[in-house]
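[1] Based on what follows, work out the 3D shape:
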Amino acid sequence: MARLRDVAQICKSKNAGPFMLTIDVLFEDPAVYAAVKATGALHAGLFARLYQVAEADVLFTPYDAALAFKATLPRLVPAGDFGDTDVYGAQQHAPLLDAEIPL
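    Presented below is the predicted three-dimensional model:
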């Protein structure tokens, strides 16, 4: 098993408006991207579990041309609202870094 942090070159998050969050996972090596994609370890259900949202609310897209995966999901607290600890959504990728990939 490998952790996502050890195989992906970039894992980042950002707001997609005040109510949604986008997480991007990018790979440098096409073979590594293909191997990760083939495992099926990255999927809407994983994001739903890690971010405590309904799986139906997660838009998950592998993007082969960019060697990337993208997930867009609802923020639990709208950006800038009372209780928001990350107004830009830039630190929300952290739970994903320890996701195990069976490589």
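
[2] Where does the residue positioned nearest the centre of the chain sit, in terms of helix or strand?
    Central residue of the chain (CA atoms, centre = their mean): Ile23, 3.9 Å from the mean position. Using DSSP states H and E, Ile23 maps to strand 20-26.

[3] That strand pairs with which strands?
    Applying DSSP bridges, strand 20-26 is found paired with strand 10-15 (antiparallel), strand 68-74 (antiparallel).

[4] Give me the buried stretch members for the shortest one, please.
    This means strand 10-15. Residues of strand 10-15 classed as buried by neighbour count (16 or more other CB atoms under 10 Å): 11, 13, 15. Just so you know, the C-beta spots here come from the backbone N, C-alpha and C atoms, and that holds for glycine as well.

[5] For the last one, list each beta-bridge partner.
    What that stands for is Asn15. Leu21.

[6] ok, it to Thr39 distance?
    Distance of Asn15 to Thr39, computed by CB to CB, to the nearest Å: 29 Å.

[7] Same check on the second one?
    Distance, Ser13 to Thr39, using CB to CB: 22 Å.

[8] ok, Pro102 touching Met1?
    Yes. Using CB atoms under 8 Å, Pro102 is in contact with Met1, at 5.7 Å.

[9] ok so, going back, how far out from the middle of the chain is the strand holding Ile23?
    Remark: strand 20-26 is offset 5 Å from the chain centroid, using CA atoms, centre = their mean, to the nearest Å.
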